[in-house]
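Undergrad: requesting a structural model of the entry that follows:
(chains A, B, C and D)
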There are 2 protein chains.
Amino acid sequence: MIDKNSPLPIYYQLEEEIKQLIKSEQLKPGELLPSEREYAEKYNISRMTVRQAINNLASDGLLIRQKGKGTFIAEKKFEQTLQGLTSFSEDMKARGLTPSSKLVRFDVIQADQKLAEKLQLAEGDDLFIIHRIRLANESPVAVETIYTPKSIVGDMTEADFTPSFYHYMEKKLGYSIKQAHQEMEASLANDFEREHLRINEGDPVLLMERLTFLSNDIPFEYVKSAYRADRYKFKLQMPR
Amino acid sequence: MIDKNSPLPIYYQLEEEIKQLIKSEQLKPGELLPSEREYAEKYNISRMTVRQAINNLASDGLLIRQKGKGTFIAEKKFEQTLQGLTSFSEDMKARGLTPSSKLVRFDVIQADQKLAEKLQLAEGDDLFIIHRIRLANESPVAVETIYTPKSIVGDMTEADFTPSFYHYMEKKLGYSIKQAHQEMEASLANDFEREHLRINEGDPVLLMERLTFLSNDIPFEYVKSAYRADRYKFKLQMPR
DNA sequence: CTGATACTAATGTATAGACAACTATATATG
DNA sequence: CATATATAGTTGTCTATACATTAGTATCAG
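TA: As a prediction, the model looks like this:
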């Protein structure tokens, strides 16, 4: 398990081992992790080295330390999945609804100045534009336009990003999504939104704009969405 | 600076000192922090203790460690200050605007069923209601209603929560704010909002609802706000 | 039975030291 | 002059140890 001659730091190897045990459910949420001393003796390493591994996992939220009691595997809460960046389909599933979508447009276009700047590309670079109506339980909730560089996603067909573009990025292409900058504001629906969301003139919408980054801090997605105000409320958990 | 007889851990005291130096701009972004050995010798403490302080600040993003070179003060990005839970006044300052407010109502009321449930109180318990118009550079941006239990904040006067209720909670009462559950949606302004925000019938507003928790997971604040859609955009950074 | 006390085991804090890995600079060598 | 080479200084990793603090349990006294 732990190889003292490995170039990888011991604390890192231990982190990976514990992560693996949690992932494979040999350690389940709520259960007690072996104590620091046990790990130190088992692998014949210093307790401080064990602490370094456990502290890292605790600050990642995977473990919960309790003085005098021990270290426990964290519960993966429902809120925890809602917390943080989610795609439309993940979001809807978390709310107990069935997501689907109706594709309006799927093309390759050339980046204009604004899109090139947002996505850190040169003007004229190839972009996919994915324009779709988002439904929950067959009823329209949002219109969404995604711009994503062809240089990152390569050749892509409609089947690839249906139902979830994030799923394709992560599971099929193996990218790791790190974080997003998101903006939200209220507005009145324009003609296009009104038509596709089946709402009336003067009805409000929640506008969302998001720039999403891979783990190497390269932006791979710029999305603009408009949500029906009467059917969608954005919920999040924020730490201080 | 460092008091070895203080009940506060040494590493924590050092963290606070470095934070203070950054805040007061005696250490500016990009500058080199004194080395670990320097701190250890200066205060006659162990280098490992210094490391604990510096590591904590580095994982908070305040410092950036570079092997072989040293530890540097991080650039404070605009987004970094916006990340996480902020009060209206903090939010506006981060945008370079001057926040102020006009108090509309400040009373003690009795919790109804809904408020009691949200704030984990009994029906009829005393609550402060703080109702104010929020201005940025003298111009109205939002109307805000805060409900907070008298049992937590005790006696409170208008001066206490002006300009910032969070500042009073944290700096004066010594509470630690942990996190909030927040919801955002779009709507049309009602009569009251239109009057105070000086907007017209049919104009949209961004509605925000927030339940804020102390470090012991007790809710201390329930806020409802309505922001002028043309003057306010909610920005946040979200990790995956 | 109840309550105080002692004990055990866990994490938290802190020390002193060693060597590794990396960066930058100064110095010697061709 | 250009290129190795040494050197100093930094953070990174790791050890072994000590005592503090907290939680839970066991034990004993009343």
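Undergrad: where in chain A is pLDDT low?
TA: In the predicted model of chain A, residues A:76-83 satisfy pLDDT under 70.
Undergrad: spell out which residues of it are next to DNA strand C.
TA: Taking C-beta under 7 Å from any atom of the strand as the contact definition, chain A meets DNA strand C at A:7, A:33, A:35-38, A:48, A:51, A:55, A:65-71. C-beta coordinates here come from the backbone N, C-alpha and C atoms, glycine included.
Undergrad: now, the residues you listed that are in strands?
TA: A:Arg65, A:Gln66, A:Gly70, A:Thr71 (DSSP state E).
Undergrad: quick one on the thing from earlier: out of the residues of chain A next to DNA strand C, what pair is the most spread apart?
TA: Taking every pair in the residues of chain A next to DNA strand C and measuring C-beta to C-beta, the maximum separation is 36.6 Å, between A:Pro7 and A:Gly68.
Undergrad: which non-adjacent residue is nearest A:Lys181?
TA: Slight slip there: residue A:181 is His, not Lys. In this structure, A:His181 finds its nearest non-sequential neighbour in A:Leu211, 4.9 Å apart by C-beta to C-beta, 6 or more residues apart in numbering or on different chains.
Undergrad: the helix or strand harbouring A:Leu21 close to DNA strand D?
TA: Using DSSP states H and E, A:Leu21 falls within helix A:10-23. Yes. For helix A:10-23, a contact with DNA strand D is found by C-beta under 7 Å from any atom of the strand, at A:Ile10, A:Tyr11, A:Tyr12.
Undergrad: and A:Glu221, what helix or strand is that in?
TA: Using DSSP H and E, A:Glu221 maps to strand A:219-228.
Undergrad: export that strand as PDB, just CAs?
TA: Taking Å, rounded to 0.1, in the frame of the first residue of the first chain, the C-alpha atoms of strand A:219-228 are listed here in PDB:
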ATOM      1  CA  PRO A 219     -12.300  28.100 -20.300                       C
ATOM      2  CA  PHE A 220     -14.100  25.500 -22.300                       C
ATOM      3  CA  GLU A 221     -17.700  26.700 -22.200                       C
ATOM      4  CA  TYR A 222     -19.600  29.900 -22.300                       C
ATOM      5  CA  VAL A 223     -23.300  29.500 -21.700                       C
ATOM      6  CA  LYS A 224     -26.200  32.000 -21.700                       C
ATOM      7  CA  SER A 225     -29.500  30.800 -20.300                       C
ATOM      8  CA  ALA A 226     -32.900  32.300 -19.700                       C
ATOM      9  CA  TYR A 227     -35.100  30.600 -17.100                       C
ATOM     10  CA  ARG A 228     -38.900  31.000 -16.700                       C
END
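Undergrad: center of chain A - which residue?
TA: The centroid of chain A falls nearest to A:Leu85 when counting by C-alpha atoms, centre = their mean (4.1 Å).
Undergrad: how close does the residue in chain A that DNA strand D sits nearest to get to A:Val50?
TA: Of all residues in chain A, A:Gly68 sits closest to DNA strand D, at 2.3 Å by C-beta to the nearest atom of the strand. Here A:Gly68 is placed at a distance of 18 Å from A:Val50 (C-beta to C-beta, to the nearest Å).
Undergrad: who has more neighbours, these two?
TA: Neighbour count, other C-beta atoms under 10 Å in any protein chain shown: between A:Gly68 and A:Val50, A:Val50 has more, with 23 against 4.
Undergrad: quick one: contacts for that one?
TA: Shown in contact with A:Val50 (C-beta atoms under 8 Å, 6 or more residues apart in numbering or on different chains): A:Tyr11, A:Leu14, A:Glu36, A:Tyr39, A:Ala40.
Undergrad: which of the residues you listed lies closest to A:Gln179?
TA: A:Gln179 lies nearest to A:Tyr11 out of the contacts of A:Val50, by C-beta to C-beta, at 25.2 Å.
Undergrad: my read is that that closest one contacts A:Gln52, right?
TA: Yes. The criterion here is C-beta atoms under 8 Å, and A:Tyr11 meets it with A:Gln52 at 4.0 Å.
Undergrad: who's more crowded, the two?
TA: Between A:Tyr11 and A:Gln52, counted using other C-beta under 10 Å, A:Tyr11 has the larger neighbour count: 20 against 17.
Undergrad: list the contacts for the closest residue to A:Arg51 other than its chain neighbours?
TA: Counting by C-beta to C-beta, 6+ apart, A:Arg51 lies nearest to A:Glu36, which is 6.0 Å off, once chain neighbours are set aside. The contact partners of A:Glu36, by C-beta under 8 Å, 6+ apart, come to A:Arg47, A:Val50, A:Arg51, A:Ile54, A:Thr71.
Undergrad: redo that, cut-off 6 Å
TA: By C-beta atoms under 6 Å, 6 or more residues apart in numbering or on different chains, the contact set of A:Glu36 is A:Arg47, A:Val50, A:Arg51.
Undergrad: got the angle between the strand or helix carrying A:Leu207 and strand A:219-228?
TA: Per DSSP H and E: A:Leu207 is located in strand A:204-214. Relative orientation of strand A:204-214 versus strand A:219-228 (axes from the mean of the first three to the mean of the last three C-alpha atoms, to 10 degrees): 170 degrees.
Undergrad: neighbouring contacts of strand A:204-214?
TA: A:118, A:175, A:178-189, A:193, A:219-227, A:229, B:186-188, B:204.
Undergrad: could I have the buried ones of these as PyMOL selection syntax?
TA: Applied in PyMOL, the following selects the buried portion of the contacts of strand A:204-214 according to 16 or more other C-beta atoms under 10 Å in any protein chain shown:
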select buried, (chain A and resi 118+175+178+179+180+181+182+184+185+186+187+188+189+193+219+220+221+222+223+225+226+227+229) or (chain B and resi 186+187+188+204)
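Undergrad: filter the residues of chain A next to DNA strand C to the buried ones?
TA: Buried subset of those (neighbour count, 16+ other C-beta under 10 Å): A:Leu33, A:Glu36, A:Arg51, A:Asn55, A:Arg65, A:Thr71.
Undergrad: is it true that the fifth one touches A:Ala58?
TA: Right, A:Arg65. Yes. With contact defined as C-beta atoms under 6 Å, A:Arg65 reaches A:Ala58; the gap is 5.2 Å.
Undergrad: related to what we said a few turns ago, just the CA coordinates of the strand holding A:Leu207, formatted as CSV?
TA: Extracted in CSV, the C-alpha atoms of strand A:204-214 (Å, rounded to 0.1, in the frame of the first residue of the first chain):
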residue,chain,number,x,y,z
PRO,A,204,-39.8,38.1,-16.3
VAL,A,205,-37.0,35.7,-16.8
LEU,A,206,-33.9,34.8,-14.8
LEU,A,207,-30.8,35.3,-17.0
MET,A,208,-27.7,33.2,-16.3
GLU,A,209,-24.3,33.6,-17.9
ARG,A,210,-21.6,31.2,-17.1
LEU,A,211,-17.9,30.8,-18.1
THR,A,212,-16.7,27.3,-17.1
PHE,A,213,-13.1,26.3,-16.6
LEU,A,214,-11.2,23.0,-16.8
